[in-house]
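Undergrad: any chance you could fold what I've pasted below:
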Amino acid sequence: MNIKLRLIVMNFLQFFIWGSWLISLGGYMIVTLKFTGVEVGSIFATMGIASLFMPAVMGVIADRFYNAERVLGMCHIFGSVLLFLAAQIEDYPSLYIIMLFNCMAYMPTIALANTVSYNALQKNNLNIVKTFPPIRVWGTIGFIAAMWVVDLLDLTKSPLQLYVSAAASLLLGIYAFTMPPRPPLKSGDTRSFSSTLGLDALVLFKSRKLAVFFIFSMFLGAALQITNLFGGSFLDDFKSTYPDSFGVQHPNLLLSISQISETLFILTIPFFLYKFGIRTVMLFSIIAWVLRFALFGIGNPGEGLWLLVLSMIIYGMAFDFFNISGSLFVEREADPAIRASAQGLFMLMTNGLGAFFGGILSGWVVDFFTNTSGIRNWESIWFTFAGYALLLAIVFPFVFKYKHVPEQLKGIEH
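TA: Residues are numbered from 1 along each chain as shown. Below is the predicted model:
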């Protein structure tokens, strides 16, 4: 099979696994298992806990001891077993432990899949910068496809979504062993554990500009998964007022517009970065988060469906202009000797600390606006999140000082 096609299959499955449950599991836990907001938030916060150290641990193992494709395969096989067990569990403590271990198995595979892809392309004398992005976009397509499969099979409030994910994880676990071998590196080429984790880049905190950037990365990272956590249960609570509406009947299809928008906004990043600079682009992202949450607060699956669709479209700007543009900013500002560590630090602040605190605190907000009968005041919940993002939007331009010089980005607009 053509190596590009093989990598497309791998990336498709890599994110199909995640898309099978990431958007709909929160609704299943709240609606079917009757978990509290804090319980749901804490289970999603396990992604943040795992992201703090597991990518570094598995990265070191793949660099020093075992082939990267084998580590990738074993992680997915182990994850498959855990997802299979999670589908059979209905109590919070047990599900928390299983999902924590599942995230410890899955989160490192994102970086490992990239490593395996880069290695395969390099072995086939292909330009990684030009060849990989069109391959990676199939990961997002896989994520969207998984959401649609779970929705069209009516599994959004069912544990069967975890079986779908487990099957895909087992398939990729086996498939990974067939990828071109990427053996451990020579001792002189390996990075230390602290470097892999991004701790070498802590020196960047000496720069006020970068320190502010990383702190706001953590604050914004807290917002990344909130609508993924509670979007499904939010739409389900309209089943008494709009029982036959598209949003209630097909929540994942509606929410998947967010991921479709994400793939389109990626294409606009070079233009916006060149035209406005990172400071303004980040501010666009924060304002987009304000609108994302506020539109959820005033929208509904009935006559307000267009507001929800608009929120989904805005998500592309909110996510990409922070996540992708932020990564490019770090790449350009960091010293070449610690760029890899700087990217690790950026991921640690967003997907690690940010995701952890976002999961816990958002769950607390949901419970705060839930009455004793279990009825949630979603308008107040979403407006609270919008207020949080608005506060960041007000403070950010005053504390983040950055002079945009378009000439320094010459060529990026292309």
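
Undergrad: longest single helix anywhere in this structure?
TA: Using DSSP state H to define each element, the chain has its longest helix at helix 92-123.

Undergrad: averaged pLDDT, that one. What do you get?
TA: In this model, helix 92-123 has an average pLDDT of 91.

Undergrad: likewise for stretch 231-249?
TA: Taken as a whole, stretch 231-249 has a mean pLDDT of 91.

Undergrad: residues of that stretch that come out buried?
TA: By neighbour count on 16 or more other C-beta atoms under 10 Å, the buried set for stretch 231-249 is 231-238, 242, 245-249. Bear in mind the C-beta positions are built from the backbone N, C-alpha and C, glycine included.

Undergrad: distance check, Gly297 against Phe234.
TA: 10 Å (C-beta to C-beta, to the nearest Å).

Undergrad: what touches both of those two?
TA: Shared contacts of Gly297 and Phe234 (C-beta atoms under 8 Å, 6 or more residues apart in numbering): Trp378, Trp382.

Undergrad: hmm, Ile30 and Ser233 touching each other?
TA: Yes: the pair Ser233 / Ile30 is scored as a contact, 4.0 Å apart, by C-beta atoms under 8 Å.

Undergrad: and the buried residues of stretch 231-249, which two are furthest apart?
TA: Ser233 and Phe246 (17.1 Å; C-beta to C-beta).

Undergrad: quick check: mean pLDDT across stretch 2-19?
TA: On average, the pLDDT along stretch 2-19 is 94.

Undergrad: what does that stretch rub up against?
TA: With C-beta under 8 Å, 6+ apart as the test, stretch 2-19 has contacts from 76, 79, 106, 109-110, 113, 116-117, 120-121, 124, 126, 131, 135-136, 138-147, 150, 165, 168-169, 171-172, 175-176, 179-180, 259.

Undergrad: buried residues in stretch 111-124?
TA: Across stretch 111-124, burial judged by 16+ other C-beta under 10 Å covers Ala111, Leu112, Ala113, Asn114, Thr115, Val116, Ser117, Tyr118, Asn119, Ala120, Leu121.

Undergrad: alpha carbons only: can I get it in CSV?
TA: C-alpha atoms of stretch 111-124 as CSV (Å, rounded to 0.1, in the frame of the first residue of the first chain):
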residue,chain,number,x,y,z
ALA,A,111,2.8,12.6,19.6
LEU,A,112,3.8,9.0,18.9
ALA,A,113,1.6,8.9,15.8
ASN,A,114,3.3,12.1,14.5
THR,A,115,6.8,10.5,15.2
VAL,A,116,5.8,7.3,13.3
SER,A,117,4.4,9.5,10.4
TYR,A,118,7.6,11.7,10.2
ASN,A,119,9.8,8.6,10.2
ALA,A,120,7.8,6.9,7.4
LEU,A,121,7.8,10.0,5.2
GLN,A,122,11.5,10.5,5.8
LYS,A,123,12.3,6.9,4.9
ASN,A,124,10.4,7.4,1.6
